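> Show me how the following folds:
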Amino acid sequence: MNDSQGLQMQRLGSGWSRTPQWCRSGGPSVSLAVVPPLALGYRRSLPTRDHLLLFDYQGTVFLLRNTATSSLRGHMTWRRAARHTVLCQNAKDFAVDPRSDNSFRQYIYVLVSRTNSGAEAVPPSWPGPPSSATPPRCDCVEVYQQDTSQRVFRMTFHPSLTFIQLRLTGSEVNRVLLLLTDTGKVYSLSVNETQLSTPRSYTVQLALKKISISLPHLPIAQVHSSYSSVLYLTGEGSVYLEVHSVGVYRQFIGTQQGYNPHDIHTPLPLSLPYKVVKCSLGLSHLCLLDDCGRVFMQGSNRYGQLGTGDKIDRGEPTEVVLSMTPVEVWCGLNHSLALLQGESGVKEVQGCGCGGGRRLPGCSKGSAVFIKLNIKVPRAARSLCASKDCLFLLCCHDIAESPLFRCPPPVKEEESEVARDERERLIWQLAQLRECESLRRKVDILRWAVQRHMTINPAHREFLVEALIAIRPVSDEPSGQS
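So this is what the prediction gives:
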């Protein structure tokens, strides 16, 4: 919620060293967990190897010890971290390694707004700020070590650059930071994480991404990243994919033709004629959600993670019909999740793909179609995220937002055999009208079609027939034609 906060914990499957009594009763159970008392609502959560990150509406990043303990009564709680509960303040966004395995999330990157006093600043290769009596506020990226919560690196940018989103891609030795500005431009810079713990000062190179160079007229609204790919969503709802590996390119596109290893930053437009409003990017598959609430999947389908009912890869966006209205979608390593809402407001989580490792609670064997999972979903749930070990649902009670979807186009009902025959006869009569040279004969054909096939009001039908008789010419037929 905006003005309050709470954290609940639910056991999704086996794996705890001791199974409490409340977990043996059958259905999913929920218990309260320890939460920071100063948090002003949660807008994002993300697990690391040892902690749970919580981002509130004041721009504070909280750190909770990601350890489950069982009390004598069988209630499971999260222990609060002994030190550094507040990781960072004045934060705009944060990011960790995009892989699903939390063990890779050694560092936490936080985008913050600071007053540039000159201390501890590591400026990129950019002209210095203009002289002023009051130091201007600058955007910074601060890097924290997740196990100790200590800041190990900081880079400060020119005051003219204002960023709104931060994402990561690449490996530890070549970690690429993607920074989205408030004007829709995307910049990048590289950092070697293996050298972050060594105190030294150096300059990092900030570069404009190729998508902002080649498509300057399309401001980017969202950036989604995986280990070796990036997904860009423009303000107009078009989607572009950038793939850095030939193997991943083949899984996304279905072929390696067109892949240029010397130009891996060229964005590929995804052929979807609808406006996309939400995206999710996994290691080798992606999910798109358009403004009518339709879901489209693309990429590897080895485990059925596309939800198409088979295990055939898709090289272009393929629509997948769900049983309820989607609220949020999420792509994992080899499975997919969807937060859905019914007409009564009841919500549930459905999933498909690999079910191993409790990825799909209640469906350990996996599924090639989206099925309901054994998860207790609050009616106020608004978003979800997951890792190899955890699944998080964020709830909201008091935020007024405009509807995400517009009314979908009407669904074309399947015609019966009688209706199909009727349509074929009308098409045949329309062909006769076009071939006929006599106006009188055309009127006769049309009058007969109205009397025989038109299912309209009787008074309207009678009027239309009489009107056709009235405008029917006395005789304009060629000789020999009746």
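> so residue 372 bridges to which residues?
With DSSP bridges as the criterion, the beta-bridge partners of residue 372 are residue 350.
> That one reaches residue 352, doesn't it?
No: counting by CB atoms under 8 Å, residue 372 stays clear of residue 352, with 11.0 Å between them. No exception for glycine: its C-beta is placed from N, CA and C like everyone else's.
> Between the two, point out the one with more neighbours.
It is residue 352, of residue 372 and residue 352, that has more neighbours when counted by other CB atoms under 10 Å, with 28 against 15.
> Surely the more buried one is in a helix?
No: assessed with DSSP: H, G, I helix; E, B strand; the rest coil, residue 352 is strand; it does not lie in a helix.
> separation between it and residue 367?
5 Å (CB to CB, to the nearest Å).
> any residues in contact with both of those two?
By the contact definition CB atoms under 8 Å, 6 or more residues apart in numbering, residue 352 and residue 367 are jointly contacted by 304, 360.
> by contact count, what packs against the helix or strand harbouring residue 330?
For residue 330, the element it lies in under DSSP states H and E is strand 325-331. The helices and strands touching strand 325-331, judged by 3 or more CB pairs under 8 Å, 6 or more residues apart in numbering; DSSP states H and E, are strand 276-281, strand 285-290, strand 335-341, strand 381-386.
> repeat that for 10 Å
Packing contacts for strand 325-331, counted by 3 or more CB pairs under 10 Å, 6 or more residues apart in numbering; DSSP states H and E, involve strand 276-281, strand 285-290, strand 295-299, strand 335-341, strand 347-353, strand 381-386, strand 391-395.
> Looking at these, which is nearest to residue 438?
Closest approach to residue 438 among these is made by strand 285-290 (50.0 Å; CB to CB).
> Starting from the closest one, tell me which strands it pairs with and how they run.
Strand pairing (DSSP bridges) places strand 285-290 next to strand 276-281 (antiparallel), strand 295-299 (antiparallel).
> Run the chain-centre distance for it.
Distance of strand 285-290 from the chain centroid (CA atoms, centre = their mean, to the nearest Å) equals 6 Å.
> cool, and stretch 350-358?
How far stretch 350-358 lies from its chain's middle: 18 Å, per CA atoms, centre = their mean.
> again, but for stretch 160-168
With CA atoms, centre = their mean, you get 19 Å for stretch 160-168.
> which parts of that stretch are buried?
Neighbour-count burial for stretch 160-168 flags 161, 163, 164, 165, 166, 167, 168 (criterion: 16 or more other CB atoms under 10 Å).
> correct me, but the first one touches residue 141?
No: under the contact definition of CB atoms under 10 Å, residue 161 does not touch residue 141, with a separation of 11.4 Å.
> domains in the protein, as residue ranges please.
The chain breaks down into these domains under automatic domain parsing: 8-395, 432-471.
> What is the end-to-end distance of the longest one?
Domain 8-395 has an end-to-end distance of 11 Å (CA to CA, to the nearest Å).
> Could you do the shortest one as well?
With CA to CA as the measure, domain 432-471 spans 19 Å from end to end.
> Tell me the buried residues in it?
For domain 432-471, using 16+ other CB under 10 Å, the buried residues are 436, 441, 442, 443, 445, 446, 447, 449, 450, 464, 465, 468.
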